[in-house]
Every structure is written in C-alpha cells, then in structure tokens.
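**Q** Fold the following for me, if possible:
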Amino acid sequence: MTDDAPPASSTLLLLRDDPFEVLMVRRNSRGSFASSLVFPGGAIDPDDKGDEWAPFVEDFVDFGVEERARRIGAIRETWEETSILVGASGGGVEPEGQLTGLSFREFVVQSGLRLRLGALTSLAHWITPVSEPRRFDTRFFVAPAPDGQLAVTDGIEIVGATWVSPAEAAAAARRGESPIIFPTLMNLDRLAESDGVEGVIAAALARPPFTVQPVFELDASGARVIVIPAEAGYAVTRYSP
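**A** Numbers count the residues shown, from 1 in each chain. Predicted coordinates:
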C-alpha cells in the first residue's frame, strides 16, 4: 500500500430470516460517520495480520495474509461493537465483546475458541473517492447471525444496535429519516434484492468481484451527484445526496 492509499477496513453484514433482517449499529455524535446507522466494522489492526492467529483459525492456510486480515478484522470489529461472535467453535463461553476488557485475540486464546474465516462471504469492495479528506478501502462481508447471541453495545462509541429490514432501512434513508452513507445505502439495496439469507449468499458467490470507487459530478443545476459504474452491479448508478 502506498503512503496515500486509504487504510484497509472491513464491515460485516449479519443477517437473519423470519423476518429477513440485517443488524445495524448507530455511532455516537462524535467521530467517523457521526450518528449514522452503519454495519459493524472498522479499520484493520496490525494484529489482524499476525501469524499468531494460526493455532486459533481452522482455515488459516486457506487465505492469504491480506484476506485473512480482512476477515479477522470483520469478525473482531463485530465482536467489539455488538458482542456477537461470528464463525467461532469450541470454548463454550459467552461472547461478551468489549465487556470482557480483553483484546479480541486475548479473548479467543483464553476461551479456547477457533475461528472459521470461511463463515464470511464477500459481498462488495468500495474505495472512498480520491477527493474526500477521509478515505477507506472497505470490504463488505455477509454472514448468518449466530443463534442465541444478543447484540450488546458499549453505549459510548456505539450507542445502539437494531435489526432492520434492508428494504425498509433503505426507504427510510431516502425519506431523510435516518442518516446512512452512500455505500451503506447501496448495499442495503443489494440485500433487498434477495428475500432471505441463503439468497444473499448465493447471489454474492455468483457475482464477479468488482471494486467500486465513486466519483462526483455536477448535474444541470450545479448540484453534486455521486456516480458509480454500471459494472458494479447496483441498480443505482447516479445518486443525489
């Protein structure tokens, strides 16, 4: 990665059926994406890349260093922000996230858990426009929500968590009822094209990989419009914020 390349980040869309919903969290009024409704996620930590993970990841050798880091980061961020632990086996302990006071790797090691990175399916890859002051290179993953785990937030960085219908969340954002950033909105639309978890995963596996990097243009009135390529596979290619 060059010095001016955006930092790598990952986000995880946890899904459940009956009804079909995705887990979203609301950030506090300070910092990145203030007060926005987002999917759990954040920047990749150096520790996410460490070979020290090898004894604690069932399919460690199935992924390269960068892909492993993206997937471990997505699982870690979800655990830190919602206390939900995805892709874990063994241990038999409650995944209490930040409430444990431990780092993610400390928690996994002490709990006798093993992670399965293949529990995540790649959904999308977005890079912030070069004109933006804060940029991210973000991978979006999807996974079925583990049974019997409740979302619990710290009330500080993350002030709430809610299960929502993807179609209803997207519609509410377009009505101006809830702040949602553009990549989040587009991936809510993508989820809404399916009627359940299996459909989302099947569609994601069948879709060719494509990196989406939006650009800004001005429309006839001089207003800024967000533009993405049709090859990205989203129903929307031009959007007025």
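**Q** Specify the beta-bridge partners of residue 88.
**A** Per DSSP bridges, the residues bridged to residue 88 are residue 115.
**Q** show me what contacts it?
**A** Residues near residue 88 by CB atoms under 8 Å, 6 or more residues apart in numbering: 95, 108, 113-116, 146. For the C-beta atoms, the positions are set from N, CA and C on the backbone; glycine is no exception.
**Q** What of residue 97?
**A** Neighbours of residue 97 in contact, by CB under 8 Å, 6+ apart: 79-85, 152, 154.
**Q** now for those residues, which pair is the farthest apart?
**A** Within those, two members stand farthest from each other by CB to CB: 85 and 154, at 15.5 Å.
**Q** who's more crowded, those two?
**A** residue 85 (24 against 15; other CB atoms under 10 Å).
**Q** pretty sure the more buried one is in contact with residue 95, am I right?
**A** Yes - at 3.3 Å, residue 85 counts as touching residue 95 under the criterion of CB atoms under 8 Å.
**Q** Need the overlap of contacts for those two.
**A** 79, 149.
**Q** Skipping adjacent residues, who's closest to residue 130 in space?
**A** Using CB to CB, 6 or more residues apart in numbering and skipping the chain neighbours, the partner closest in space to residue 130 is residue 213 (7.9 Å).
**Q** same question but for residue 152, I mixed them up
**A** For residue 152, the nearest residue in space outside its immediate sequence neighbours is residue 83; the separation is 4.2 Å by CB to CB, 6+ apart.
**Q** surely residue 153 meets residue 99?
**A** No - if you go by CB under 8 Å, residue 153 and residue 99 don't touch, sitting 9.9 Å apart.
**Q** and for those two, which residues touch both?
**A** By CB under 8 Å, 6+ apart, the residues touching both residue 153 and residue 99 are residue 83.
**Q** Compare these two and say which is more crowded by neighbours.
**A** Using other CB under 10 Å as the criterion, residue 153 and residue 99 rank with residue 153 on top: 20 against 12.
**Q** quick one, what contacts the more buried one?
**A** 25, 81-83, 159-161.
**Q** Let's see that with 6 Å instead.
**A** residue 161 (CB atoms under 6 Å, 6 or more residues apart in numbering).
**Q** Could you give the number of residues near residue 38?
**A** Residue 38 has 20 neighbouring residues, counting by other CB under 10 Å.
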